[in-house]
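One predicted model, sequence on top.
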Amino acid sequence: MSKKFPRLFSPLKLRSRTLKNRIVFGAHTANMAVEGLPTERHAAYYEERAIGGAAMIVVEPMPVHAAAVLTRGNFRHSDDAVVPHFKRVVEAIKRHGAVAIQQLYHVGAHGDSDNSFHPHWSPSGGPSYHDSDGSHPMSEAEIWETIDGFVEAARRCRDAGFDGVEVWAAYLGMVDQFWTPWCNRREDDWGGSLENRTRLSREILSRIRAVCGPDFIVGLAVSDEPDVKVALQRDELAGIIKLHDDLGLVDYVTCGSGGYLDFYKLMPTFLYPEKLGADLAAVLKGVVRNAVVIAESHIRTPENAETVLGEGAADLVSIVRGQIADPHLAAKAGDDRPEDIRGCISCNQMCWGRRSRDYWISCLINPSVGREAEWGGDRFRRSGDPKRVLVIGGGPAGLEAARVAAERGHRVTLAEAAPRLGGNFLLAGMQPRRAQILDLIGWYERQLDKLGVEVRLNTYLEAGEIAPAEFDVVIAATGSYSPETGFQKALPTVETMPGIDKGNVVTVEAVMARQARPGSHVLLLDEGGGWRGCGTAWKLAEEGHRVTILTPDPFVGKELQRTAADVPMRQALRKLGVDWIVEASVVEWHGNGATIVDHNTGEHRFVAAETLVTATTNAPMDWLMPGLAELGVATRQIGDCAAPRQAPYAFFEGRKAGLEI
């Protein structure tokens, strides 16, 4: 029994199953199916979280009908061919003592025509908030066809060995659309009164129970959008859940946040408070008599979870992204080792960010996600031939390479030129609301210390200073730098920005490292569209600078759109008085402002500013490589010094290098 998390590690009975703790790995679209069938990638992904101690795992949603297909990695609907494949997934989960549940869903109006090639169905028609299409008001025959789809999908889950199913009534999907008067304007037996609007869900749930039997767990997933007037408010949702609970139709209710009308709270980034799902859970906990309540959404840590349980807001907690980032979160918390948990940084870059582009998901800070079958998850085999390894550079690539090599039994030395580990990632952690990055760097410091890695700070190495006899392998992870030419991708024929020699031009790295003091009015040239430029603008604005962002993109934060962070980020910048100019570039810097060009009209105009801050494409710090090649020692080049990219690829190459030594 955990002394730090006693509530979190108490058992709970759910139907005939006993959950060994209160930690759920909730449903999310991993998008890993091939030809609609679960794969070895799926089985290994879920098994790693079962090995890691999750008590209940809810496998990603199964579309119940052709109209519900949303991604190219969705499971096949209406096809018993999925059953033997799911059996392997279920066996992988259950062999480690976890309860296995499958989520069933229908998105209603919010379909994806590119994937479904089917008209969108909904109670009363209306637009899709997923793509640009409209939907078809359902006939009664189509309603019953949809109900049969849910029931048959549940039957397949039972046949595959799942302990139960979770019916998706969240995010203003099909079920929620029937519940919500704004979406459901029907005048027949499926609309109008509360009884009529809940008829669909009551039929689905009661028929699943009849077909799948008394021991089969039946859950319901809901969410709220309190800032959207047309969405169901918490008191209305509480009345609906009470109705289902009084009828004994559900064994548990999972409470999330956001939806298609408030999409940014659906997978909340670090821009939002933590424990978002706990408020709705507490409301529903107050009305149910039979069902167990699960709080989900931005519950990142065991500390979050213990607090939610301690407040009586929920009976269980669903930690999704936290267990993506560290699949052994539950086991480490149960052993009272929360300091060993690799904490999610709430960035959404490789989970929702990859899913939003219709790829299978991964994780920025844990590159084994989605590669568990290939890499063995977060468990490492000791090398039969330990080597002496020198890692040069303590940014993301170097940190991960050093850690993994040490985990495998190699003797590792890490040399970092700066007085602190982290590289440019450390600077990112100094931007507003991004301190979770600093927590991650602290985690690496603890892990390297425990693994006996020799860390040499303030150690700038030239190739000639490395004694070949001391090391068997050298890993170069020296990162990247911002060129001081002012080159802009949008103006490819201009190699050096005219007027850059007039001064008052600095890079975002120099600003974040406090190596430069920008003037009171800053023009920030952002060609990346990510946190590197936008986060620096936020930092400068918080410190009292007047900031204007200039970008050749059609909107600020283009790269953040796929992480569901761009809109709340722009809202935060606007509140700080940040202005921006889009679809433009700098033609010339004058020392006190810039001549810019409008890419739509070709017109030039002058914008006054005391300092120009550049967030343009970096260049690799690769000048060690020729000298290392002459040492006669096996050498690897990883991370930004191989090619400047976003952080996930540095962590990936660090892990890969550590595994291959």
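Yep, it's here.

How far does stretch 306-317 sit from its chain's centre?
Here stretch 306-317 is found 23 Å from its chain centre; the criterion is CA atoms, centre = their mean, to the nearest Å.

Report the buried residues of it.
Under the neighbour-count criterion of 16 or more other CB atoms under 10 Å, stretch 306-317 has E306, T307, V308, L309, A313, A314, D315, L316, V317 buried. To be clear about C-beta, it is placed using only N, CA and C from the backbone, and glycine gets the same treatment.

Helices - which of the residues you listed land there?
Judged by DSSP state H, helices contain the following of the buried residues of stretch 306-317: E306, T307, V308, L309.

Turn those into JSON lines, including distance to G503.
As requested, these are exported to JSON lines (distance: CB to CB, whole Å):
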{"residue": "E306", "distance to G503": "54"}
{"residue": "T307", "distance to G503": "51"}
{"residue": "V308", "distance to G503": "53"}
{"residue": "L309", "distance to G503": "58"}
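
any chance of these in TSV, plus pLDDT?
Converted to TSV, these look like this (pLDDT from 0 to 100):
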residue	pLDDT
E306	97
T307	97
V308	97
L309	97
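
count of neighbours near the closest residue to R354 other than its chain neighbours?
Leaving aside its sequence neighbours, R354 sits nearest to I361 (CB to CB, 6 or more residues apart in numbering; 5.3 Å). Residues lying near I361 (other CB atoms under 10 Å) number 22.

Tell me which residues touch I361, please.
By CB atoms under 8 Å, 6 or more residues apart in numbering, the contact list for I361 reads 28-32, 324, 350-352, 354-355, 369-370.

Nearest the geometric middle of this protein, what residue?
N348 (2.9 Å; CA atoms, centre = their mean).

Check whether it really touches T563, as I assumed.
Yes: using CB atoms under 8 Å, N348 makes contact with T563 at a distance of 3.9 Å.

Spit out the residues that contact these two alike.
Common contacts of N348 and T563 (CB under 8 Å, 6+ apart): T269.

helices or strands next to the top helix by length along the chain in the packing?
Using DSSP H, we find that the single longest helix of the chain is helix 140-160. With contacts taken as 3 or more CB pairs under 8 Å, 6 or more residues apart in numbering; DSSP states H and E, helix 140-160 sits against helix 82-94, strand 99-105, strand 164-168, helix 199-212.

Please work out which residues outside the longest one touch it.
To tie it back to what came earlier, the one meant is helix 199-212. So helix 199-212 is contacted by 143, 146-147, 150-151, 154-155, 157-158, 165, 167, 169, 174-175, 178-179, 189-190, 216, 218, 220, 244, 247, 249-250 (CB under 8 Å, 6+ apart).

how about a cut-off of 7 Å?
With contact meaning CB atoms under 7 Å, 6 or more residues apart in numbering, helix 199-212 is reached by 143, 147, 150-151, 154-155, 158, 165, 167, 169, 175, 178, 189-190, 218, 244, 247, 249-250.

Domain map for the chain?
12-375, 388-481+621-660, 500-617 (automatic domain parsing).

Make a markdown table from the ones you listed and add distance to S2 to it.
Converted to a markdown table, those look like this (distance: least, CB to CB, whole Å):
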| stretch | distance to S2 |
| --- | --- |
| domain 12-375 | 5 |
| domain 388-481+621-660 | 19 |
| domain 500-617 | 33 |
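
quick one on the thing from earlier: now the buried residues of stretch 306-317 in a markdown table, please, with extra columns for distance to V567.
Supplementary listing: the buried residues of stretch 306-317 in a markdown table, determined by distance: CB to CB, whole Å:
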| residue | distance to V567 |
| --- | --- |
| E306 | 32 |
| T307 | 28 |
| V308 | 27 |
| L309 | 32 |
| A313 | 28 |
| A314 | 28 |
| D315 | 33 |
| L316 | 31 |
| V317 | 27 |
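
From the contacts of helix 199-212, list just the buried residues.
143, 147, 150-151, 154-155, 158, 165, 167, 169, 175, 178, 190, 218, 244, 249-250.

circling back: and the residue nearest to the centre of the chain, what does it touch?
By CB under 7 Å, 6+ apart, N348 lies in contact with M267, T269, T563, A564, A565.

roughly how far apart are it and E416?
29 Å (CB to CB, to the nearest Å).

ok, back up a step: the residue nearest to the centre of the chain: what secondary structure?
Counting by DSSP: H, G, I helix; E, B strand; the rest coil, the backbone at N348 sits in coil.

Any chance of the backbone angles for it?
phi 70, psi 10 (degrees, to the nearest 10).

hmm, back to that, and the domains of the chain: which comes nearest F487?
Nearest of the domains of the chain to F487, taken as CB to CB: domain 500-617 at 6.4 Å.

Regarding the closest one, how distant is the last residue from the first?
16 Å (CA to CA, to the nearest Å).

Quickly name whichever of the contacts of I361 is closest to M497.
Using CB to CB, the contacts of I361 come closest to M497 at M350, 33.2 Å.

For the closest one, give me its contacts.
By CB under 7 Å, 6+ apart, the contact set of M350 is I361, S362, C363, L364, P648.

Give the phi and psi angles for the residue nearest to D336 when sequence neighbours are not counted, as a check.
Leaving aside its sequence neighbours, D336 sits nearest to K4 (CB to CB, 6+ apart; 4.8 Å). The phi and psi values for K4, taken as degrees, to the nearest 10, are phi -80, psi -30.

what do you get for V505?
According to degrees, to the nearest 10, V505 has phi -120, psi 120.

hey, what's it bridged with?
Taking DSSP bridges as the rule, V505 bridges to L612.

Give me the pLDDT for A467.
pLDDT, A467: 92.

do the same with the one 4 residues further on
According to the predicted model, the pLDDT of F471 comes to 96.

again with P492
Confidence score, pLDDT, at P492: 97.

and it, how many neighbours?
P492 has 8 nearby residues by other CB under 10 Å.

Closest to D133 out of the contacts of N348?
A564 (20.9 Å).

which residues touch that closest one?
F263, Y264, L266, M267, T269, N348, W352.

residues contacting the residue lying closest to F9 once chain neighbours are set aside?
Spatial nearest neighbour of F9, excluding adjacent residues (CB to CB, 6+ apart): S2 at 4.3 Å. Contact analysis of S2 by CB under 7 Å, 6+ apart lists L8, F9, A333, G334, D336.

from these, which two are the most distant?
Longest distance between any two of the contacts of S2 is 11.1 Å, between L8 and D336; criterion CB to CB.

neighbour-wise, which of these two wins?
Per other CB under 10 Å, whichever of L8 and D336 has more neighbours is L8, with 25 against 15.

Settle this for me: the more buried one is touching T307, isn't it.
No: with contact defined as CB atoms under 7 Å, L8 does not reach T307; the gap is 9.9 Å.

Identify, from the buried residues of stretch 306-317, the entry nearest to P123.
A314 (30.0 Å).

Quick check: chain neighbours aside, which residue is closest to that closest one?
For A314, the closest residue by CB to CB, 6+ apart turns out to be A295, at 3.7 Å.
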